[in-house]
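**Student:** take a look and give me a structure for this.
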Amino acid sequence: MRDADNIRQAEQLLSSNSSTRQLVNLIGFIFWPKSSRYVSERPAYLPTKCRRVGVFVDEDIDTVKRIADEYALDYIQLHGHESPEYIRALKFQVSGFRLQVIKAFNIAAREDLEATAPYEGLADSFLFDTKGKCVGGNGEKFDWSVLSSYRGETPFLLSGGIGPDDAERVKAFRHPKCAGIDLNSRFEVSPALKDINKLKTFLQSL
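**Tutor:** Here you go, the predicted model:
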């Protein structure tokens, strides 16, 4: 996200069952210049109740560090071909590393899950996205049943084209390591601008 009012509205989404139960836990900022959702300048408002996630694609570690400090990020999401060595170097070079690392993987078949093994114990979470033409934000789903083969210890976020009509499918999905869902392109009015009413309706239905 990058629009101040839109960020504020998303952060304030609350459950209909409780006036204090927050529905949105993480808000993402994409720092990959080739993305239509690229955050080229600091928004006038940044979330204070939700944790901040910075999304990077094969970025220089010094640049990641600089942006993480500028935006007071809580999470670094790596959505490129970053190696385990890259994550080790990132954690080593950032003094007093307090950030959690999410490593994204593009999934189409069970065999794609094998790529997660070298990252066990390094990444704090994985994100399973659809293998597509673009790095992310393709708006397409993959066959979630392949995740039954995932036996890793690292929790994961479920991503890949989840849309307003998928509430029942999300509720039916079960995996002991699934920690949450990633909502993006199919809830957008335009790139990086969310339809708050669609988000609220969908999340409350869960």
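
**Student:** strands of the protein, start to end?
**Tutor:** Taking DSSP state E, the strands of the chain run over residues 26-30, 51-56, 75-78, 100-107, 125-130, 156-158, 178-181, 188-190, 193-194.

**Student:** mind putting those in a markdown table, mean neighbour count included?
**Tutor:** Just so you know, the C-beta spots here come from the backbone N, C-alpha and C atoms, and that holds for glycine as well. Formatted as a markdown table, the entries for these read as follows, by neighbours: other C-beta atoms under 10 Å:
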| stretch | mean neighbour count |
| --- | --- |
| strand 26-30 | 21 |
| strand 51-56 | 21 |
| strand 75-78 | 24 |
| strand 100-107 | 22 |
| strand 125-130 | 23 |
| strand 156-158 | 21 |
| strand 178-181 | 16 |
| strand 188-190 | 14 |
| strand 193-194 | 18 |
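
**Student:** go through those and name the closest to Leu113.
**Tutor:** Set against Leu113 and scored by C-beta to C-beta, the strands of the chain come closest in strand 100-107, at 6.8 Å.

**Student:** distance of the residue most central in space within the chain from Phe29?
**Tutor:** If you average the C-alpha coordinates of the chain and look for the closest C-alpha using C-alpha atoms, centre = their mean, you land on Asp182, 5.5 Å from that point. Distance check for Asp182 against Phe29: by C-beta to C-beta, to the nearest Å, it reads 14 Å.

**Student:** quick check: the gap between Leu73 and Val53.
**Tutor:** When C-beta to C-beta is the yardstick, Leu73 and Val53 sit 7 Å from each other.

**Student:** low pLDDT regions in this structure?
**Tutor:** Across the chain, the stretches falling below the confidence threshold (pLDDT under 70) are 18-20, 94-97, 132-139.

**Student:** what ranges do the helices span in it?
**Tutor:** All helices of the chain, identified by DSSP state H, fall at 4-11, 61-71, 84-93, 167-172, 196-205.

**Student:** wait, which of those helices is closest to Phe187?
**Tutor:** In terms of C-beta to C-beta, the element of these nearest to Phe187 is helix 196-205, at 5.3 Å.
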